[in-house]
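A.B. asks: everything below, folded, please.
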Amino acid sequence: MQITEEMSMNITEELNGNIENIALKLRGFIRDQVTSFKKKGIVIGVSGGIDSAVALTLCVQELGKENVYGLLLPEEESAPSSKTLGAEICESLGVSYEEVPISPILRSLNIYDKKEQIIKRVCPEYDIRIHKTSLVLPDFLNTGSLNVPYIRLVKSNETVGKYRLKATDYLELIGLQGVKQRSRMLVQYMYAETLNYAVCGTTNKTEVVLGQFVKYGDGGVDLEPLADCYKTQVYALGKYLDINKEIMKRPPSADTWSHYTTDEEFYWRMPIQIMDQMLYAQEHQLPLQVIEKSTGLSRETIEKAQKHISRIRNNTEYIRAAPPVCYINR
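C.D. replies: Predicted structure coming up:
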């Protein structure tokens, strides 16, 4: 692609250009997919975050509020604001919605008890009555390539301890946490099939590229209107669609830990503005000098970040891939 002077100075501006046309394309995509599936409308999980807010708004604009059904799917560790903001945007759009807590499903599988046992083993001082927890990774830009996850203990909004995780404990925690997204998708399909609706996903391109979704959880949907929009573009769409300012300024999060953990603290390990510029530059094979000017990062940091991102993409390829099929009749 040809590199313009404007783009060489600011990749973010290039990302966020032509947002009105992007919104129109997304609306047309939603209409086309619902029609091709021969469905009457859309079911969507509404989390109080920017992705679901933008997807919900586009669905309502294209299909009408009467053909969109919102589901609030909280659990014990969800932030209270998730339910509040989710209900507010449904009501502001005139969308029918229902709250279906998934905690009973998780308790039936002992998810909370198993998680607590791991945390107590890793953090001897942990007391569920006074502590909240989150799973975080070191900031990549400040600590380099160190990639050791740790549990953060929080008391009265103050960090009181950090404990490194063994690989076995980390994998077990990820497996337990994934049940939350898979439980939410189970509920969404129950409602969608009852209504003869399609399930609309809310995964954006940044998450797709990095494998930042749960296979057969938030990745198990009928259509993904935002999957070719970087997170930065989703925020630009939110501004264009006049999304609630409280949602716009809320830090992105999977919202599966008792202490609200942002995606920057765990998945991205750098500000989203930097991550999206790096991903866009990688996608369009932009030269280093363009990335340097746009991000303000040194060449050495950019090269390390590129390797870091490539490693993530390679390690999560199986999440994006369709299940392999053994063809025996060819």
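A.B. asks: ok now stretch 180-190, how far from the chain's centre?
C.D. replies: Distance of stretch 180-190 from the chain centroid (Cα atoms, centre = their mean, to the nearest Å) equals 16 Å.
A.B. asks: over to stretch 132-147?
C.D. replies: Distance of stretch 132-147 from its chain centroid, counting by Cα atoms, centre = their mean, is 18 Å.
A.B. asks: what comes up buried for it?
C.D. replies: Buried positions in stretch 132-147, judged by neighbour count with 16 or more other Cβ atoms under 10 Å: 132-138, 140. For every residue, glycine as well, the C-beta is placed using N, CA and C.
A.B. asks: for stretch 315-323, same thing?
C.D. replies: Thr316.
A.B. asks: touching that stretch from outside, list them.
C.D. replies: 208, 210-213, 215, 219 (Cβ atoms under 8 Å, 6 or more residues apart in numbering).
A.B. asks: what's the most distant pair in those residues?
C.D. replies: Leu210 and Lys215 (13.7 Å; Cβ to Cβ).
A.B. asks: who's more crowded, those two?
C.D. replies: Just comparing Leu210 and Lys215: by other Cβ atoms under 10 Å the higher neighbour count belongs to Leu210, 20 against 17.
A.B. asks: any idea how far that one lies from Arg311?
C.D. replies: Counting by Cβ to Cβ, to the nearest Å, the gap from Leu210 to Arg311 is 11 Å.
A.B. asks: Val43 against Met190, yeah?
C.D. replies: No. With contact defined as Cβ atoms under 8 Å, Val43 does not reach Met190; the gap is 9.3 Å.
A.B. asks: these two: who's more crowded?
C.D. replies: Using other Cβ under 10 Å, the more surrounded residue of Val43 and Met190 is Val43, with 25 against 13.
A.B. asks: the more buried one belongs to a helix?
C.D. replies: No. Using DSSP: H, G, I helix; E, B strand; the rest coil, the assignment for Val43 is strand, not a helix.
A.B. asks: per-residue pLDDT of it, please?
C.D. replies: Val43 is assigned 98 on the pLDDT scale.
A.B. asks: okay, and the beta partners of it?
C.D. replies: Beta-bridge partners recorded for Val43 (DSSP bridges): Tyr69, Val199.
A.B. asks: quick one: which of the buried residues of stretch 132-147 is nearest to Tyr260?
C.D. replies: Nearest to Tyr260, judged by Cβ to Cβ, of the buried residues of stretch 132-147 is Ser134 at 7.6 Å.
A.B. asks: roughly how far does that closest one sit from Gly161?
C.D. replies: According to Cβ to Cβ, Ser134 and Gly161 sit 12 Å apart.
A.B. asks: and for Ala236?
C.D. replies: Separation of Ala236 from Gly161 (Cβ to Cβ): 38 Å.
A.B. asks: more neighbours: these two, which one.
C.D. replies: Ala236 (21 against 16).
A.B. asks: and the strands in the stretch 151-300 of the chain?
C.D. replies: In the stretch 151-300 of the chain, the segments counted as strands under DSSP state E, counting those that start in this stretch are 158-164, 198-199.
A.B. asks: quick one, helices of the stretch 1-150 of the chain?
C.D. replies: Here the stretch 1-150 of the chain has its helices, by DSSP state H, counting those that start in this stretch, at 5-9, 11-15, 19-36, 50-63, 80-93, 103-108, 111-122, 140-143.
A.B. asks: out of those, deepest packed?
C.D. replies: Ranked by mean neighbour count, the helices of the stretch 1-150 of the chain are led by helix 50-63 with a mean of 24 (mean count of other Cβ atoms under 10 Å).
A.B. asks: for Asp309, which residues are in contact?
C.D. replies: Rather than Asp, residue 309 is Ile. So Ile309 contacts 210, 275, 278-279, 282 (Cβ under 8 Å, 6+ apart).
A.B. asks: ok, 10 Å please
C.D. replies: Residues counted as contacts of Ile309 (Cβ atoms under 10 Å, 6 or more residues apart in numbering) are 140, 209-210, 268, 270, 275, 278-279, 281-282.
A.B. asks: and which of these is nearest Gly175?
C.D. replies: Taking those together and measuring to Gly175 by Cβ to Cβ, the closest member is Leu210, at 19.0 Å.
A.B. asks: leaving out chain neighbours, which residue sits closest to that closest one?
C.D. replies: Distance criterion Cβ to Cβ, 6 or more residues apart in numbering; nearest residue to Leu210, sequence neighbours excluded, is Ile312 at 5.4 Å.
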